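Q: Predicted model, plus sequence, below.
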Amino acid sequence: AQSVAQPEDQVNVAEGNPLTVKCTYSVSGNPYLFWYVQYPNRGLQFLLKYITGDNLVKGSYGFEAEFNKSQTSFHLKKPSALVSDSALYFCAVSLSGGYQKVTFGIGTKLQVIP
Amino acid sequence: GAGVSQSPSNKVTEKGKDVELRCDPISGHTALYWYRQSLGQGLEFLIYFQGNSAPDKSGLPSDRFSAERTGGSVSTLTIQRTQQEDSAVYLCASSSPTGGVGNTIYFGEGSWLTVV
């Protein structure tokens, strides 16, 4: 069975500093990997995905993530955090190919301190 | 439609009553998911529909919960004899394996259920 681990319940970072939100995955084959963000009282919004190709994926709002196959990781990063980045972040995985179920992690709360 | 649509957006119901939550996925999306999210918490998977395949019901927390998807489009999540612990946001999402999007899931804004 596939799974996603987000080892940190909460990440605190000062505004202007780089941020990292960690994600590792387990899947029996090649993965598709996703990051979503949820602002208070809203649904989840798609940030970025890795399907194939370049291991460094760039997404919305200046976020990026690096696919590392050997470490089965897909950490979310941003060079300079904004207070408005404070939200709940979810990592997700599916097997590559069509008609595959997507599995989410439990989420990590990011708090950017002014 | 342009996005995943859920109704009602808010529902307050009395303990013991039945509720129905509706999800209208993005047109053409073959996959549909229901999740539950308690206040400030992570996503709890409930059920997954994919085309004409048998749904994955492994996340339904009890037999009071059921879901159906008619005609491969609209889905209804039904909670019978609601309990206070059912209070949560119920999120629907849909996806399509076509178009090179790699099963990217798109979420609705959720149905906020409060059981009093």
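A: Structure received.
Q: most centrally placed residue in chain A?
A: For chain A, residue A:35 is the residue whose C-alpha lies nearest the centre (CA atoms, centre = their mean; 3.6 Å).
Q: Pretty sure that one sits in a strand.
A: Yes - per DSSP: H, G, I helix; E, B strand; the rest coil, residue A:35 lies within a strand segment.
Q: Regarding the closest residue to residue B:32 other than its chain neighbours, which helix or strand does it belong to?
A: Distances taken as CB to CB, 6 or more residues apart in numbering or on different chains place residue B:49 nearest to residue B:32, at 4.5 Å, with adjacent residues excluded. Just so you know, the C-beta spots here come from the backbone N, C-alpha and C atoms, and that holds for glycine as well. Using DSSP states H and E, residue B:49 falls within strand B:44-50.
Q: neighbouring contacts of the helix or strand just after that strand?
A: The helix or strand immediately downstream of strand B:44-50 is strand B:65-69, counting by DSSP H and E. Outside strand B:65-69, the residues within contact range by CB atoms under 8 Å, 6 or more residues apart in numbering or on different chains are B:32, B:34, B:46-47, B:49, B:55, B:57, B:60, B:75-80.
Q: Which members of those residues define the maximum pairwise distance?
A: Using CB to CB, the contacts of strand B:65-69 span at most 20.7 Å, a distance reached by B:32 and B:80.
Q: Mind checking which of those two has more residues around it?
A: Taking other CB atoms under 10 Å in any protein chain shown, residue B:32 and residue B:80 do not tie; residue B:32 has more neighbours (27 against 14).
Q: Direction included, what does the helix or strand in which that one is found pair against?
A: Here residue B:32, judged by DSSP H and E, is contained in strand B:31-37. Paired strands of strand B:31-37, with direction, are strand B:44-50 (antiparallel), strand B:88-95 (antiparallel) (DSSP bridges).
Q: circling back: pretty sure the residue nearest to the centre of chain A sits against residue A:88.
A: No - judged on CB atoms under 8 Å, residue A:35 makes no contact with residue A:88 at a distance of 11.5 Å.
Q: I'd like to know which helix or strand in chain A has the lowest mean pLDDT.
A: Every helix and strand in chain A was compared by mean pLDDT, DSSP states H and E; the lowest is strand A:103-104, with a mean of 90.
Q: what about it, near chain B?
A: Yes - using CB under 8 Å from any CB of the partner chain, strand A:103-104 reaches chain B at A:103, A:104.
Q: again with stretch A:19-26
A: No - taking CB under 8 Å from any CB as the criterion, stretch A:19-26 and chain B are apart, separated by no less than 13.0 Å.
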